[in-house]
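In: coordinates for the following, if possible.
(chains A and B)
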Protein chains: 2
Amino acid sequence: MMEMKKPTLITSWYEIRAEAVQARKQNLKVGLVPTMGALHEGHLSLVRTARDYCDVTIATIFVNPTQFGPHEDLNKYPRTLDDDLARLGALEVDFAYAPSKEELYPEGFSTFVEPPSVAKRFEGECRPGHFRGVTTIVLKLLNIIPAHIAFFGQKDYQQCRVIQSMAQDLNVPTLIQLCPTVRDPDGLALSSRNQYLSTAERTQALSISKSLDDAEGEVSRGQTDMRRIVDRMRNTLEAAGIEKIDYVDIADAQTLEPVAQLQNDAVALIAAHVGITRLIDNRILSHR
Amino acid sequence: MMEMKKPTLITSWYEIRAEAVQARKQNLKVGLVPTMGALHEGHLSLVRTARDYCDVTIATIFVNPTQFGPHEDLNKYPRTLDDDLARLGALEVDFAYAPSKEELYPEGFSTFVEPPSVAKRFEGECRPGHFRGVTTIVLKLLNIIPAHIAFFGQKDYQQCRVIQSMAQDLNVPTLIQLCPTVRDPDGLALSSRNQYLSTAERTQALSISKSLDDAEGEVSRGQTDMRRIVDRMRNTLEAAGIEKIDYVDIADAQTLEPVAQLQNDAVALIAAHVGITRLIDNRILSHR
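Out: Sure, this is the predicted structure:
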């Protein structure tokens, strides 16, 4: 039987920082993959990319309470630390940093990041305070672990732009690298929340990636009127029986401001509820 | 005639960062002294301390617009770059980083720090947004210049505590070192704004340090009722003819929450207007 190597599990910010600093002193390139655990192939593809680009790979596992709203799924968010460590070990990740809540938010904690303007719309409107929590925890992790590159999945496209913009504004010296969304063969973007879906809901959920495929097809056939494309996307979702759509829209890929005509790269964005599960997905619409 | 060495003047964040990173790679200790220029002996004492503790000393000169309120003295704040560089040169400072406004706040800049709870009272109440600007620029400077130690003057006591608390909450890996307030022989705490004072105003202003001396004397004689001491301080200021007192109070030295009885270390804090000049000063009241 093959012995599975596990990553070194570290729970203190002081120790993981020392490891990262030590690696940098040896001129090793340090890659960071921040996660909330419940690892799936999407996370693992980030880890593989980190391993390709870097000498030392550190994954963090922390369900960050400050990015959940009061009525969101913080308490039932899946926690699978042993499985996560086994998966990271199979990919020969060097360190897993899995701190406690008290480690990162001790009593008296009261400093937050006020997120950049790209955080305003979409998730920012649907989930007040979400990006404040995201930017705060990511900044903390980047201060604890001075990585050369941090890897984030494009599935959370607005989150990626928010973090890039925050890093630029605050002169954070880590490169924020976006990596492609990983999908199941049927097109559904991988998400830790997919496990909440029933079989029937999963069929409904496929209309999300299908409508994004459609949008991409329309653009490639020369459609430049974004309102028409958005209408089609909405129709596709509704035809599949999705009743609660938080947003379906096309925005500038950099600023996430609305676009009526395709002039620069844009992004089609969807957030919709399937049963009690909220799903998001997106697609870059390239302007040629 | 002696040739005066000047520090290397750098205006790009990219270049000063490279110098600091290079120094760290050589295992040199890097010290940072952030200033708004108009350097006086208070700043220079910070620089001397930095030189004592560190191998490479970097001073920054930047009048940070985001920490000034709309009706404050941003535009008339003294700017004396050539003099400043000569003074830093006389102390053999290695680098002076003096960026433009556009360098640190380019178009589209929109991420800020939401300061910790210790920022709420006193200056936080009198100068809304002030500490948001202070914490944002200090975090930016600490990201640009990964110093081992950053040196701040105790004259801005609340600012010191705000920055320490921010650095702790956000896991900033730089030690925030407080240094003693430097005073003129008559007791007036040095400040770039003292040059606004007329001779008569300066005499009035001395009541500020005098009332802090008094408070310290009272505590050393066993007075533990802080309200009595605050009343005496206010009387001293008013007797000197100071008409506009923003605050005179005694607070917990860590949290800056009000204290009625001296139980832990406390701090006496004053902000008052002398003519059109707003002055602040403070004194630690040690609990033995």
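In: C-alpha only now, for contacts and for neighbours.
Out: Will do.
In: hang on, A:D246 is in a strand, isn't it?
Out: Yes. Using DSSP: H, G, I helix; E, B strand; the rest coil, the assignment for A:D246 is a strand.
In: wait, what's in contact with it?
Out: Residues near A:D246 by CA atoms under 8 Å, 6 or more residues apart in numbering or on different chains: A:C126, A:I270, A:A271, A:A272, A:H273.
In: as a markdown table, the residues you listed with distance to B:L74 and pLDDT would be great.
Out: Shown next, in a markdown table, are the contacts of A:D246 (distance: CA to CA, whole Å; pLDDT from 0 to 100):
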| residue | distance to B:L74 | pLDDT |
| --- | --- | --- |
| A:C126 | 38 | 97 |
| A:I270 | 44 | 98 |
| A:A271 | 44 | 98 |
| A:A272 | 47 | 98 |
| A:H273 | 50 | 97 |
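In: got a winner among the residues you listed for most neighbours?
Out: A:I270 (26 neighbours; other CA atoms under 10 Å in any protein chain shown).
In: I figured that residue hits A:D281, correct?
Out: Yes. Counting by CA atoms under 8 Å, A:D281 is a contact partner of A:I270 at 5.5 Å.
In: shared neighbours of those two, which are they?
Out: A:I208.
In: check contacts around the closest residue in space to A:S211 that isn't next to it in sequence.
Out: Among residues not flanking A:S211 along the chain, A:M233 sits closest, at 4.9 Å (CA to CA, 6 or more residues apart in numbering or on different chains). Contacts of A:M233 were listed using CA under 8 Å, 6+ apart, and they are A:S211, A:L212, A:D214, A:A215, A:V248.
In: so is A:M233 in a helix, a strand, or just coil?
Out: Following three-state DSSP, A:M233 is assigned to helix.
In: roughly how far does it sit from A:Y247?
Out: As for A:M233, its distance to A:Y247 is 11 Å (criterion: CA to CA, to the nearest Å).
In: same check on A:G241?
Out: Taking CA to CA, one finds A:G241 at 15 Å from A:Y247.
In: and for A:R183?
Out: 21 Å.
In: repeat that for A:G37.
Out: Distance, A:G37 to A:Y247, by CA to CA: 27 Å.
In: so the two - more neighbours on which side?
Out: Neighbour tally, A:G37 and A:Y247, criterion other CA under 10 Å: the higher count belongs to A:G37, 22 against 17.
In: and the residue nearest to that one when sequence neighbours are not counted, how many neighbours?
Out: Leaving aside its chain neighbours, A:G37 sits nearest to A:I61 (5.0 Å; criterion: CA to CA, 6+ apart). Neighbours of A:I61 under the rule other CA under 10 Å: 24.
In: pretty sure A:I61 is touching A:A98, no?
Out: Yes. In this structure, A:I61 is within contact of A:A98 by CA under 8 Å, at 4.8 Å.
In: what sits against A:R79?
Out: A:R79 neighbours (CA under 8 Å, 6+ apart): A:G37, A:A38.
In: next one: A:A205 from A:R193, what distance?
Out: Here the criterion is CA to CA. By it, A:A205 lies 12 Å from A:R193.
In: ok, now A:R221?
Out: From A:R221 over to A:R193 (counting by CA to CA), the distance is 34 Å.
In: same drill for those two, tell me which one is more crowded.
Out: Between A:R221 and A:R193, A:R193 has the larger neighbour count (other CA under 10 Å), namely 14 against 9.
In: pretty sure the more buried one contacts A:T277?
Out: Yes. If you go by CA under 8 Å, A:R193 and A:T277 touch, sitting 7.0 Å apart.
In: tell me the pLDDT at the most centrally placed residue in chain A?
Out: Here the mean C-alpha position of chain A is nearest to the C-alpha of A:D156 (CA atoms, centre = their mean), at a distance of 3.9 Å. A:D156 is assigned a pLDDT of 98 by the prediction.
In: mind listing what it touches?
Out: A:D156 neighbours (CA under 8 Å, 6+ apart): A:I280, A:D281.
In: helix/strand/coil for it?
Out: From three-state DSSP, the assignment for A:D156 is helix.
In: quick check: buried residues in the lengthiest helix in chain A?
Out: Determined from DSSP state H, the single longest helix within chain A is helix A:199-220. Of all the residues in helix A:199-220, those buried under the rule 16 or more other CA atoms under 10 Å in any protein chain shown are A:201-212, A:214-216, A:218-219.
In: fine by me, we can end here.
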